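[1] Sequence first, predicted coordinates after that:
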Amino acid sequence: MNFELTEEQKMIQQAARDYANRELILDVLERDANSIYPAKHVKALADLGFMGMMVDPKYDGSGMDTISYVLAMEELSKVDASVSVIVSVNNSLVCYGIEAFGTEEQKEKYLKPLARGEMIGAFLLSEPEAGSDATSQHTTAEDMGDHYLVNGTKNWITNGNSASVYILIAQTHPELKHKGINALIVDRHSPGITLGPHEDKMGMRSSDTHSVMFTDVKVPKENRIGADGFGFKMAMMTLEGGRLGIASQALGIASGAYERAVKYSKERKAFGTEIFHHQSVAFKLAEMYTRIECGRLLCFHAAWLKDNHQPFGVASAMAKYHCAETAMWVTTEAVQIHGGYGYVKEYHVERLMREAKLTQIYEGTSEIQKLIISRDIFSH
Amino acid sequence: MKILVCMSVVPDTTTQIRFKPDMNSMETTGIQWIINPWDELALTRALEIREQPDSVVTQVSVVHIGLKDADPVIQKALAVGADSAYRVNVAAAGAMEVACQLSEVVKKEHFDLVITGHDSADYNGSAVGEMLAELLDWTSFSSISSFSAARDSITIEREMDSRTETIIAHPPCVLTIQKGIAKDPRIPSLRGIMGARSKPLLQLEPIPCTGTSAYVKFENPAPRSKCRMIDPANPEELVELLRNEANVL
């Protein structure tokens, strides 16, 4: 067992850290306050190769391993999870979904520009009445011979407006339940697509989240990913990687808050000494550090399994569950260590706390992760 | 035109520097090593010039005088765009030995322009550039804040106290850069990082060079004395302390 990162992995980690600390930090508060989409950062990260990190270079990706992806996600998320979620959706859900299950024509037409970051993608699974229960898809993709006719509404869509390409999960054969679901590649600007208003969220305020309405939208047959009825399986397999992206994001939110808490505890004095000398603060930091390290190892393990083509769904569920819960706890305690300063925006930890909350909800709630893990326990 | 950027590998600038018990060398355990920030800016400017349309610059290489453990840091220079790298495999004792080893690389590989940073962030000697020019018998320009390259000439700007000097120079020459040369060092792209592995990083054996100086001893600055608060209603106490304790009145 080797816990040492390669020189390339260290360099990728440093590159993401440098970008976050040099560029993202400059306008993160303003973008958070005013819900401004980080277009220039998405472009810059695309130029550096972060939008198609794990895509094979023959499809214009960077060809990195999943460990490198975890490292990059953590570093970006320490500073700005609104940006890292855009990176995560494009990499884990959209690029991966097309690369793993798409046809050569689909890869040529969609994967290449997505990997270059010239197109941004979105993954449309959640519905007003189908969140955790993803089998209950009400959006329909009616088979019309040479095309599908799509009707329905999707909710909470990250990159809903900024995306050029959607991967849409919709029901074609309701009688077959989840085995009748298809995954379709949809041009965002197809006639019949309308967007709900920009969601005014608690955190991750700089990413654009919308509901997306489909009214008689025609999608060519050749845009279906995989065989007829493969959509639900495709979505579940893709979400295994998506969970790892959000686990790494939660890890970054936690470690970002922890690093700020450590720094503050060395500067802030109370009762005649820096507050880290007080056991109540020092023990809190020790617990934060330990939980974060556990999360990091869970993420690395899931990434290692994925890179070695072994089943990683349960490992990524454990990483996502642990890291999301850790992020929520660590950020809350980081605010506590900062006291009143933690409650104002200037010190960033209140924003990290707001961002942490979403990691317990999206890409599968903590409860769904526990369901996956517990089912695995009793399946043997 | 072939440009060679001289590159020191130094502790991360946030490192708290400690010395070994004998106080004549730095404690290097646990240090994260980086490209000397001045040298990184010099490299950035050299790459900017090479990438201009119709650039006369055909090659930008870096050179480091040091042992193999510097290779991961040199890889970063290749990842941001340097075409090749040289490392002379010796732990040089001082500025003159570094300059001596550098001069051999410059002569052997036929570079036209050599750029060094203002100083290195570890020992802050500010000596190598001038020494190198002397050993090569080349013209040297120090404190450069900007330069550009044409077919047979280099246009140099130097920011002085109350004026800017513009100089036309003819290679070969050595430039020592100061602030203003480039805005920010480059962040390597992921393709650049993976591509760095396939670029040449040549290890050269050192030539016999004799240093002209050696570090004898380092001393830490004296710890700052505690701040003493004086009641503003009692200025006599302040005067008394300044006169009899600080001895400044």
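    That came through, no problem. Residues are numbered from 1 along each chain as shown, chains lettered A, B, ... in the order given.
[2] near chain A, which residues of chain B show up?
    B:72, B:75-76, B:79, B:184, B:187-191, B:193-194, B:197 (Cβ under 8 Å from any Cβ of the partner chain). C-beta here means a position set from N, CA and C on the backbone, and glycine is covered the same way.
[3] Just give me the closest of these to chain A.
    Checking the residues of chain B next to chain A against chain A with Cβ to the nearest Cβ, the nearest one is residue B:190 at 3.4 Å.
[4] how many neighbours does residue 249 have?
    No chain in the question, so chain A it is. A total of 32 residues lie near residue A:249 under the criterion other Cβ atoms under 10 Å in any protein chain shown.
[5] looking at chain B here, not the other one
    Using other Cβ under 10 Å, the number of residues around residue B:249 comes to 9.
[6] Could you double-check that it sits in contact with residue B:240?
    No. Using Cβ atoms under 8 Å, residue B:249 is not in contact with residue B:240, being 9.5 Å away.
[7] coming back round to it: kindly write the ChimeraX command that selects the buried subset of the residues of chain B next to chain A.
    To isolate the buried members of these in ChimeraX, using 16 or more other Cβ atoms under 10 Å in any protein chain shown:
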select /B:75,76,79,187,188,189,190,191,193,194
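[8] And the strands in chain B?
    B:2-6, B:9-11, B:33-35, B:59-65, B:84-88, B:113-116, B:139-149, B:154-159, B:164-169, B:173-177, B:201-204 (DSSP state E).
[9] These into TSV, with extra columns for mean neighbour count?
    Shown next, in TSV, are the strands of chain B (neighbours: other Cβ atoms under 10 Å in any protein chain shown):
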stretch	mean neighbour count
strand B:2-6	26
strand B:9-11	22
strand B:33-35	22
strand B:59-65	25
strand B:84-88	22
strand B:113-116	28
strand B:139-149	18
strand B:154-159	17
strand B:164-169	12
strand B:173-177	25
strand B:201-204	15
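[10] Who does the closest residue to residue A:223 other than its chain neighbours form a beta bridge with?
    Spatial nearest neighbour of residue A:223, chain neighbours left out: residue A:185 (4.3 Å); criterion: Cβ to Cβ, 6 or more residues apart in numbering or on different chains. Counting by DSSP bridges, residue A:185 forms beta bridges with residue A:167.
[11] about what we covered before: save the strands of chain B as TSV, and put in distance to residue A:310 too.
    Converted to TSV, these look like this (distance: least, Cβ to Cβ, whole Å):
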stretch	distance to residue A:310
strand B:2-6	44
strand B:9-11	39
strand B:33-35	35
strand B:59-65	40
strand B:84-88	38
strand B:113-116	49
strand B:139-149	53
strand B:154-159	57
strand B:164-169	61
strand B:173-177	51
strand B:201-204	35
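[12] okay if I get those strands as JSON lines plus mean pLDDT?
    Formatted as JSON lines, these follow (pLDDT from 0 to 100):
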{"stretch": "strand B:2-6", "mean pLDDT": "97"}
{"stretch": "strand B:9-11", "mean pLDDT": "93"}
{"stretch": "strand B:33-35", "mean pLDDT": "94"}
{"stretch": "strand B:59-65", "mean pLDDT": "98"}
{"stretch": "strand B:84-88", "mean pLDDT": "98"}
{"stretch": "strand B:113-116", "mean pLDDT": "96"}
{"stretch": "strand B:139-149", "mean pLDDT": "93"}
{"stretch": "strand B:154-159", "mean pLDDT": "93"}
{"stretch": "strand B:164-169", "mean pLDDT": "94"}
{"stretch": "strand B:173-177", "mean pLDDT": "95"}
{"stretch": "strand B:201-204", "mean pLDDT": "97"}
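[13] and the residue of chain A found nearest chain B, how many neighbours?
    The minimum distance from chain A to chain B, using Cβ to the nearest Cβ, falls at residue A:49 (3.4 Å). Residues near residue A:49, counting by other Cβ under 10 Å, number 28.
[14] again, but for the one 5 residues further on
    For residue A:54, the number of neighbouring residues by other Cβ under 10 Å comes to 21.
[15] Tell me who's in contact with it.
    If you count contacts by Cβ atoms under 8 Å, 6 or more residues apart in numbering or on different chains, residue A:54 has them with A:61, A:62, A:63, A:64, A:65, A:66, A:69, A:91, A:95, A:96.
[16] ok now do the last one, which residues does it touch?
    Meaning residue A:96. Going by Cβ under 8 Å, 6+ apart, the list of residues near residue A:96 reads A:54, A:238, A:241.
[17] element containing it?
    Assigned by DSSP states H and E, residue A:96 belongs to helix A:96-101.
[18] Let me know whether residue A:193 touches residue A:210 as I believe.
    No. With contact defined as Cβ under 8 Å, residue A:193 does not count as touching residue A:210 (10.7 Å).
[19] Between those two, point out the one with more neighbours.
    The neighbour count for residue A:193 versus residue A:210, taken as other Cβ under 10 Å, is higher for residue A:210 (22 against 17).
[20] hmm, back to that, want to throw the contacts of residue A:54 into CSV with distance to residue A:152?
    Output for the contacts of residue A:54, formatted as CSV (distance: Cβ to Cβ, whole Å):
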residue, distance to residue A:152
A:61, 31
A:62, 35
A:63, 36
A:64, 35
A:65, 37
A:66, 33
A:69, 32
A:91, 26
A:95, 25
A:96, 24
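[21] What is the nearest of those to residue B:53?
    residue A:62 (26.8 Å; Cβ to Cβ).
[22] Just say helix, strand or coil for the closest one.
    Three-state call for residue A:62 (DSSP: H, G, I helix; E, B strand; the rest coil): coil.
[23] can you pull the pLDDT of it?
    We note a pLDDT of 95 for residue A:62 in this prediction.
[24] got it, and residue B:90?
    Looking at residue B:90, the pLDDT reads 96.
[25] Check residue A:224 too.
    For residue A:224, pLDDT reads 98.
[26] That one bridge partners, please.
    residue A:184.
[27] all helices of chain B, in order?
    Along chain B, counting by DSSP state H, helices occupy B:37-51, B:71-80, B:95-109, B:128-136, B:190-196, B:235-244.
[28] how about JSON lines for those, with mean pLDDT added?
    Listed next are the helices of chain B as JSON lines, based on pLDDT from 0 to 100:
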{"stretch": "helix B:37-51", "mean pLDDT": "96"}
{"stretch": "helix B:71-80", "mean pLDDT": "97"}
{"stretch": "helix B:95-109", "mean pLDDT": "95"}
{"stretch": "helix B:128-136", "mean pLDDT": "95"}
{"stretch": "helix B:190-196", "mean pLDDT": "95"}
{"stretch": "helix B:235-244", "mean pLDDT": "90"}
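[29] right, so of the ones you listed, which gets closest to residue A:124?
    Of all the helices of chain B, helix B:190-196 sits nearest to residue A:124, with 27.7 Å by Cβ to Cβ.
[30] List the contacts of the closest one.
    The contact list for helix B:190-196, computed with Cβ under 8 Å, 6+ apart, reads A:8, A:11-12, A:15, A:48-50, A:53, A:57, A:62-64, A:68, B:75-76, B:78-81, B:188.
[31] Is there a quick PyMOL command that grabs whichever of those are buried?
    Buried residues within those, by 16+ other Cβ under 10 Å, are selected in PyMOL with:
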select buried, (chain A and resi 8+11+12+15+48+49+50+53+62+63+64+68) or (chain B and resi 75+76+78+79+80+81+188)
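[32] Can you tell me what sits against stretch A:297-314?
    Outside of stretch A:297-314, the residues within contact range by Cβ under 8 Å, 6+ apart are A:65-67, A:69-70, A:74, A:240-241, A:244, A:247-248, A:251, A:315-316, A:318-319, A:322-323, A:372-373, A:376.
[33] Now with 6 Å, please.
    Under the contact criterion Cβ atoms under 6 Å, 6 or more residues apart in numbering or on different chains, stretch A:297-314 has outside partners A:65-67, A:70, A:240, A:244, A:247-248, A:251, A:315-316, A:318-319, A:322, A:376.
[34] Going by neighbour count, which of these comes out on top?
    Among the contacts of stretch A:297-314, residue A:247 has the most neighbours (other Cβ under 10 Å), with 35 neighbours.
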